[in-house]
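>>> make a model of this:
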Amino acid sequence: MNLSTQYLGLSLKNPLVPSASPLTQNADSIRRLEEAGASAVVMHSLFEEQINRESHELDHFLSHGTHSFAEALSYFPDMLSYNVGPEGYLEQIRKAKQSVSIPVIGSLNGVSAGGWTNYARLIEQAGADALELNIYYVATDMEMTGADVEQMYVNVLHQVKQSVKIPVAIKLSPYFSNMANMAKRLCEGGADGLVLFNRFYQPDFDLENLEVTPHLVLSNSNELRLPLRWTAILSGRIPADLAITSGVHNHFDVLKAMMAGAKVAQVASELLQNGAGRISEILSDMERWMEEHEYESVQQMQGSLSQRHVTEPAAFERANYMKVLASFR
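Numbers count the residues shown, from 1 in each chain. A predicted model of the protein is given here:
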């Protein structure tokens, strides 16, 4: 059974890719994912806040006391010439590339155009085969328009694409007034892939201590429906490769992702709950299902249930509200 697929110009042996999570924080863990059957991995994210914080700290120590001696100003070059930031992250990429034969995709998480995007080039130089740009932003400024938010995404993508030659995928949320137009604009801006969708983690209230607390809830298969729907709508209409993330837990989820038009299905919560060994189980179940249903390859099914290839495309647009409501009876 041929499970191979193409994603971001990379030839992958199957479509199952562990997404950015604690499971991809070190070379040993990534090696275990490869042994279990992962075709590539997305490294855990390097955050804009991490880079900016270390940059500010170094700036403080380099400039502290320079007013005391005139010649002290000549001891250090201007801050712009420094490659400051989490060198440990770059070292993890180097070690991962030395330890495994599968592609390693770097992950850069930020929201604003600025110097932190220069780390895209450093991630490339460390050996990453591609880059996933994870833009995680909740607009709360009442003066900021939807057009402003969309332009922010385009600007960050533009800066990163100017810095690197490796493929760049952008991981984004579904919260745009016109998701199809946003996908088109990002492709025009140079995105090689779109990862659908980012999960916005919601805070909770601690009623006893009257505090706002972070609250992590892992995904379930029901969350697959939103990225599945938009993948099916966009498949074949934009040049970028599509990846589904959120809600991938079993072989049915991966098969649905492929039929919607995705090139890969990214998985994290399932592996965090049940271990890396789930990868080989999911792949075995996929092969069994494909054999039973007479599929010879993953590429044969990719996009077969996209909006362009179904008899009732309105099912994706209006989600057939009347039929859904009637089905309860």
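
>>> helices and strands around the longest helix anywhere in the chain, which ones?
Assignment by DSSP state H gives helix 146-163 as the longest helix of the chain. Applying 3 or more C-beta pairs under 8 Å, 6 or more residues apart in numbering; DSSP states H and E, one finds that helix 146-163 contacts helix 119-125, strand 130-134, strand 168-172, helix 179-188. From N, CA and C alone the C-beta is placed, and that goes for glycine too.

>>> Ser221 is nearest to which of these?
strand 168-172 (19.9 Å; C-beta to C-beta).

>>> with adjacent residues omitted, what lies nearest to Ser19?
Spatial nearest neighbour of Ser19, excluding adjacent residues (C-beta to C-beta, 6 or more residues apart in numbering): Gln266 at 3.7 Å.

>>> tell me how far the one you found lies from Ala169.
10 Å (C-beta to C-beta, to the nearest Å).

>>> mutual contacts of the two, please.
195, 243 (C-beta atoms under 8 Å, 6 or more residues apart in numbering).

>>> tell me the contacts of Val100?
Under the criterion of C-beta under 8 Å, 6+ apart, the neighbours of Val100 are 27, 30-31, 34, 41.

>>> what's the closest of these to Glu132?
Val41 (10.7 Å).

>>> list the contacts for the closest one?
For Val41, the contacting residues are 17-18, 24, 30, 33-34, 96, 100, 102-105, by C-beta under 8 Å, 6+ apart.

>>> how about 6 Å then?
Under the criterion of C-beta atoms under 6 Å, 6 or more residues apart in numbering, the contact list for Val41 reads 18, 24, 30, 33, 104.

>>> tell me how many other residues surround the first one.
Pro18 is flanked by 26 other residues according to other C-beta atoms under 10 Å.

>>> please, where are all the helices along the chain?
27-36, 48-63, 87-99, 119-125, 146-163, 179-188, 225-234, 251-260, 269-274, 278-292, 298-301, 314-317, 321-327.

>>> check those for me and report the most buried one.
Mean neighbour count (mean count of other C-beta atoms under 10 Å) peaks for helix 251-260 among the helices of the chain, with a mean of 23.

>>> what is it packed up against?
On a contact count with 3 or more C-beta pairs under 6 Å, 6 or more residues apart in numbering; DSSP states H and E, helix 251-260 meets helix 225-234, helix 278-292, helix 298-301.

>>> which one of the contacts of Val41 is nearest Val254?
Val254 has its nearest neighbour among the contacts of Val41 in Pro18, at 12.7 Å by C-beta to C-beta.

>>> just checking, the closest one touches Ala36?
No - the pair Pro18 / Ala36 is not scored as a contact, 9.1 Å apart, by C-beta atoms under 6 Å.
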